[in-house]
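Participant: One predicted model, sequence on top.
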Amino acid sequence: MEKLPLVLDLTGTFVFALSGALAGVKRALDLFGVLVLSFAAANSGGIARDLLIGAVPPGAVDDWRYLGVSLFAGIITFYFSSLIVRMSNSVLLFDAAGLALFAVTGSSKALAHGLNPVMAIVLGMVTGIGGGMVRDVLLAEIPTVLRAELYAVAALAAAAIVVVGHMLQLPVAPVTAVALISCFSLRVMAIRHGWRLPVAKIRDQHDSGIAKEDSKDAERS
Amino acid sequence: MEKLPLVLDLTGTFVFALSGALAGVKRALDLFGVLVLSFAAANSGGIARDLLIGAVPPGAVDDWRYLGVSLFAGIITFYFSSLIVRMSNSVLLFDAAGLALFAVTGSSKALAHGLNPVMAIVLGMVTGIGGGMVRDVLLAEIPTVLRAELYAVAALAAAAIVVVGHMLQLPVAPVTAVALISCFSLRVMAIRHGWRLPVAKIRDQHDSGIAKEDSKDAERS
Amino acid sequence: MEKLPLVLDLTGTFVFALSGALAGVKRALDLFGVLVLSFAAANSGGIARDLLIGAVPPGAVDDWRYLGVSLFAGIITFYFSSLIVRMSNSVLLFDAAGLALFAVTGSSKALAHGLNPVMAIVLGMVTGIGGGMVRDVLLAEIPTVLRAELYAVAALAAAAIVVVGHMLQLPVAPVTAVALISCFSLRVMAIRHGWRLPVAKIRDQHDSGIAKEDSKDAERS
């Protein structure tokens, strides 16, 4: 019973590390750069969560298996990148599974450290999306989660189900199952149907005003 | 007396969240991306300060009101962006007020956690400017505070007044008032008169040398 | 005996601060921006290490001398940038020395805080390369350490020697000397001979597949 979460957690780490390594291979990073992206994409979310709740050293720093799994995924991707590219549909499915899992374990750990329910949900989401954000920042890009379809919302849903279940003192196992399935299905359906959140529209007649604001905005930092 | 700082702190959070959300709307982020930028711009400075002084979980993670105010500002900006753009002069004034306030509360909190005076001043400044820096990094831009007119200096002034007042054991209320007013006026005058810090000039005859150095510098990382 | 490490540590800080300030001068940042880059390049690695092992406040925040040395290096670079550019070969040598030193002190501190050997090596490397990574992220660039020749590997070598020596309970002084010399020589020889890690090659026939994957990958964040 104790072993299952760790196995799932390391599975999520592995898949997220694949996505980080792939992004590095595409930018022609060297082997070390690819391995850094593997580790960062797989573990930054959990490290951020642990720093924010005061669980130091973070799990990914204290337990070398997270590093081991991340490096393993990075090395596979580096030497067999065309294989990983060909399997990219499966990678997306695994990624959705990893997201679900990280959101569930992240919000549970935040609750266990005494955070209030609202912030436990937020930290569950951060655990799920943080790795991808750091990966993109290291590549000098705007994190895709800030523009992509319902990625973060799926993580939020899973974290919210865990936290509400905890508050209602429902049994853990079925709540976890419902959370995992909700996040996974929501994410897969968002990919399949191209579901997205709305994007703000700034009307044309204001464009010059916005350009002016842009230079003014540069003054605030 | 206890309530006033929290009200001011949340006001600063609200205004900084507006600036983050506006930046997100301009890059056509989706609703979630805009909300992330709201929260990051408003709370990253305080979170960084709290992590560095060991106050975990950070206030912005422990108290859901910071999240609530940030999301509220983000949603307003998302749906009424042209209104916010039209009010941008007022936003800049509020932003100057937020900067003053964050610098004061940031340096006070650092002193209360036993930091030495010099670093308490630095952490006051970090509280004021950190949010804007994270906002810009997430947008893959060089933080404007590294190039803008006297933004960070105004925060430094407020933090220094707080710390010197503390060392001289002056009464807190008037010192706080002087610090807030100094930062706010310095910032507003810098905007109005375009005051800036000097920028290094590399003389022309060295340009080729610099280009060479550029490639060498790439080796150090 | 106690004084020597601090002197060496501050020397490393000084040289790393030079590299950060130079990068800022080249992007025409103002004086404040240059000083921020000085401090960030010199201290981010150590701060990250200290946050991750739970040593708060981090040394660079608790002891104002790290700030002082960083600002001193930044001001020199700002006002005498052409001098620093002309000395860039020496700067690279000092940088190699700083890298060696930070890797050694970083892994020692991680061991002293009870981290397991594998992660102590990783944190030694992080101490050495973290500053340069933050410097590049602030400049909206992909960190050069992810693409440069054997920079991180040299840091890893030094950290590994320290940790293995600790596990075998060898005397500290000679182990430290061997670690410093190995990292320094490896780094200098990598610069001189252009040694690099391999870069992944994605074969041509897969290019269209990769382009497709690129858009799919954008969905994972």
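Facilitator: Nice, I can see it.

Participant: what sits against A:S182?
Facilitator: With contact set as CB atoms under 8 Å, 6 or more residues apart in numbering or on different chains, A:S182 has these partners: A:A100, A:A154, A:A157, A:A158, A:I161. Quick note: C-beta positions are derived from backbone N, CA and C, even for glycine.

Participant: With just CA atoms, put the helix or strand harbouring it into CSV.
Facilitator: A:S182 belongs to helix A:172-193 when assigned by DSSP states H and E. Provided in CSV are the C-alpha atoms of helix A:172-193 (Å, rounded to 0.1, in the frame of the first residue of the first chain):
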residue,chain,number,x,y,z
VAL,A,172,-9.0,8.3,0.6
ALA,A,173,-8.8,5.5,-2.0
PRO,A,174,-12.0,6.2,-4.0
VAL,A,175,-11.5,10.0,-3.7
THR,A,176,-8.0,9.6,-5.1
ALA,A,177,-9.3,7.4,-7.9
VAL,A,178,-12.0,9.9,-8.9
ALA,A,179,-9.4,12.8,-8.8
LEU,A,180,-7.0,10.9,-11.0
ILE,A,181,-9.6,9.9,-13.5
SER,A,182,-11.2,13.4,-13.7
CYS,A,183,-7.8,15.1,-14.4
PHE,A,184,-6.7,12.5,-16.9
SER,A,185,-10.0,12.5,-18.9
LEU,A,186,-10.3,16.2,-18.8
ARG,A,187,-6.8,16.6,-20.2
VAL,A,188,-7.2,13.9,-22.8
MET,A,189,-10.5,15.4,-24.0
ALA,A,190,-9.0,18.9,-24.1
ILE,A,191,-6.2,17.6,-26.4
ARG,A,192,-8.6,15.7,-28.6
HIS,A,193,-11.2,18.5,-29.0
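
Participant: ranges for the helices of chain A?
Facilitator: Here chain A has its helices, by DSSP state H, at A:3-26, A:31-53, A:59-62, A:64-79, A:81-86, A:88-112, A:117-138, A:151-167, A:172-193, A:207-217.

Participant: count of neighbours near A:P5?
Facilitator: 14 (other CB atoms under 10 Å in any protein chain shown).

Participant: Give me the distance between A:L18 and A:I84.
Facilitator: 6 Å (CB to CB, to the nearest Å).

Participant: Those two: which has the busier surroundings?
Facilitator: Taking neighbours as other CB under 10 Å, A:L18 and A:I84 compare with A:L18 leading, 28 against 21.

Participant: gap between the more buried one and A:G130?
Facilitator: A:L18 is 17 Å from A:G130, by CB to CB.

Participant: Would you enumerate the residues in contact with the spatially most central residue of chain A?
Facilitator: Geometric centre of chain A, nearest residue: A:I129, 2.5 Å, by CA atoms, centre = their mean. Residues in contact with A:I129 (CB under 8 Å, 6+ apart) are A:G45, A:L99, A:V145, A:Y151, A:A152, A:A155, C:S221.

Participant: Reformat those residues into a markdown table and put distance to B:S107, pLDDT and neighbour count next to each item.
Facilitator: Formatted as a markdown table, the contacts of A:I129 follow (distance: CB to CB, whole Å; pLDDT from 0 to 100; neighbours: other CB atoms under 10 Å in any protein chain shown):
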| residue | distance to B:S107 | pLDDT | neighbour count |
| --- | --- | --- | --- |
| A:G45 | 31 | 94 | 30 |
| A:L99 | 39 | 91 | 32 |
| A:V145 | 34 | 88 | 25 |
| A:Y151 | 38 | 87 | 28 |
| A:A152 | 34 | 89 | 26 |
| A:A155 | 36 | 93 | 29 |
| C:S221 | 36 | 41 | 24 |
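
Participant: Contacting chain B as well, which ones from the residues you listed?
Facilitator: A:V145, A:A152 (CB under 8 Å from any CB of the partner chain).

Participant: Using CSV, please lay out the contacts of A:I129 together with distance to B:V178.
Facilitator: As requested, the contacts of A:I129 are exported to CSV (distance: CB to CB, whole Å):
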residue, distance to B:V178
A:G45, 43
A:L99, 50
A:V145, 43
A:Y151, 47
A:A152, 43
A:A155, 46
C:S221, 46
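
Participant: how about the contacts of A:I129, which pair is most distant?
Facilitator: A:G45 and A:Y151 (12.4 Å; CB to CB).

Participant: Mutual contacts of those two, please.
Facilitator: Joint contacts of A:G45 and A:Y151 (CB under 8 Å, 6+ apart) are A:I129, A:G132.

Participant: number of nearby residues for A:W64?
Facilitator: Neighbours of A:W64 (other CB under 10 Å): 16.

Participant: pLDDT wise, what is it at?
Facilitator: We have a pLDDT of 91 for A:W64.

Participant: Once you drop chain neighbours, what's closest to A:V164?
Facilitator: A:P117 (7.8 Å; CB to CB, 6 or more residues apart in numbering or on different chains).

Participant: if I read this right, that neighbour contacts A:V162, doesn't it?
Facilitator: No: the pair A:P117 / A:V162 is not scored as a contact, 9.9 Å apart, by CB atoms under 8 Å.

Participant: which neighbours do these two share?
Facilitator: Common neighbours of A:P117 and A:V162 (criterion: CB under 8 Å, 6+ apart): A:L111.

Participant: out of those two, which sits in the more crowded spot?
Facilitator: Regarding A:P117 and A:V162, a neighbour count based on other CB under 10 Å identifies A:V162 as having more, with 28 against 18.

Participant: what's the burial count for A:G194?
Facilitator: Applying other CB under 10 Å, we find 9 residues neighbouring A:G194.

Participant: any idea how far it lies from A:A148?
Facilitator: Between A:G194 and A:A148 the distance, using CB to CB, works out to 10 Å.

Participant: now swap in A:L67 and tell me
Facilitator: Look at A:L67 and A:A148: by CB to CB, they are 28 Å apart.

Participant: quick one: low-confidence parts of chain A?
Facilitator: A:1-4, A:149, A:200-221 (pLDDT under 70).

Participant: and if we set it to 50?
Facilitator: Counting by pLDDT under 50, chain A contains low-confidence residues at A:1, A:203-221.

Participant: Off-centre distance for stretch A:151-167?
Facilitator: How far stretch A:151-167 lies from its chain's middle: 14 Å, per CA atoms, centre = their mean, to the nearest Å.

Participant: again with stretch A:125-136
Facilitator: The chain centroid and the centroid of stretch A:125-136 are separated by 4 Å under CA atoms, centre = their mean.

Participant: Kindly report the same for stretch A:8-22.
Facilitator: Centroid separation for stretch A:8-22 versus its chain: 10 Å, with CA atoms, centre = their mean.

Participant: So A:L10 sits against A:S70, correct?
Facilitator: No: between A:L10 and A:S70 there is no contact, the gap being 9.6 Å when judged by CB under 8 Å.

Participant: okay, these two: which has more neighbours?
Facilitator: The neighbour count for A:L10 versus A:S70, taken as other CB under 10 Å, is higher for A:S70 (28 against 17).

Participant: that older thread, contact partners for the residue nearest to A:V164?
Facilitator: A:L111, A:V163, A:V164, A:H166, A:M167.

Participant: By neighbour count, which of those wins?
Facilitator: Highest neighbour count within these: A:V163, with 26 neighbours (other CB under 10 Å).

Participant: any idea how far that residue is from A:V153?
Facilitator: Counting by CB to CB, the separation of A:V163 from A:V153 is 15 Å.

Participant: list residues touching both of A:L18 and A:I84?
Facilitator: A:I76, A:T77, A:V91.
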